[in-house]
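# The amino acid sequence is not available; the structure is as follows:
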């Protein structure tokens, strides 16, 4: 007889599309078992940064992805581009303005199938400005956890990231790529089948 964990994956449809009755699974993760990176262009050269702190909560029903929910919270002061001077500028009032707006938040309700993965269309709030945003991701079992890998393409200027001289895309590009590789665990208190 299959273990409870294997049965949960099978029922969730993550490991096997032909599963039993549908139910929502709730998972969560953070920086201790994951990576949240971004890439941008500065002076014509690509650079990569990461956020050292973040929290993710995923609700997923394989039989009905439209009921899925994804909530991500990122303390923006945790930015790290391996350049202390650049990091201070990114935290400043001209960029994230972390003193007044300490978190970036993405929230989506309802997933659409996209090939072997999903698209979550929701809202991203940075610097108190909310814009529509989409995240593409794939899910698969990873031992007792759930692997969630994906990406998003964003633009910084609609969020007011880069004020004054930094508004020009001559030195810093408008496009920002986001990539994540997470290991989610069952949320405490989540209902079991």
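Structure received. Keep in mind it's a predicted model, so treat the numbers as computed, not measured.
# Might one say that residue 40 is in contact with residue 178?
No. Residue 40 is beyond contact range of residue 178, at 10.1 Å (criterion: C-beta atoms under 8 Å). Every C-beta, even on glycine, is put in place using the N, C-alpha and C of the backbone.
# Give the pairing partners of the lengthiest strand in the chain; include direction for each.
Longest strand of the chain, by residue count under DSSP state E: strand 129-142. Strand pairing for strand 129-142, using DSSP bridges, gives strand 117-126 (antiparallel), strand 145-155 (antiparallel).
# Columns distance to residue 166 and mean pLDDT on top of those, output as CSV?
Shown next, in CSV, are the strands paired with strand 129-142 (distance: least, C-beta to C-beta, whole Å; pLDDT from 0 to 100):
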stretch, distance to residue 166, mean pLDDT
strand 117-126, 15, 97
strand 145-155, 14, 96
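# Which among the ones you listed is found nearest to residue 182?
Evaluated with C-beta to C-beta, those place strand 145-155 nearest to residue 182, the distance being 4.4 Å.
# Please, which helix or strand holds the spatially most central residue of the chain?
Nearest to the mean C-alpha position of the chain, by C-alpha atoms, centre = their mean, lies residue 72 at 5.7 Å. Assigned by DSSP states H and E, residue 72 falls within strand 69-75.
# Pull the residues that contact the helix or strand that that strand is followed by.
Downstream of strand 69-75, the first helix or strand assigned by DSSP H and E is strand 79-80. Outside of strand 79-80, the residues within contact range by C-beta atoms under 8 Å, 6 or more residues apart in numbering are 49, 50, 51, 52, 87, 90, 91, 96.
# Please repeat the previous calculation with a cut-off of 6 Å.
Residues from elsewhere that reach strand 79-80 (C-beta atoms under 6 Å, 6 or more residues apart in numbering): 49, 50, 51, 52, 87, 90.
# repeat for stretch 158-174
Stretch 158-174 is contacted by residues 40-43, 94-95, 126-127, 129, 131, 155-157 when judged by C-beta under 6 Å, 6+ apart.
# Throw together a PyMOL command that grabs the buried residues out of these.
Those of the contacts of stretch 158-174 that count as buried under 16 or more other C-beta atoms under 10 Å are selected in PyMOL with:
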select buried, resi 40+41+94+95+126+127+156
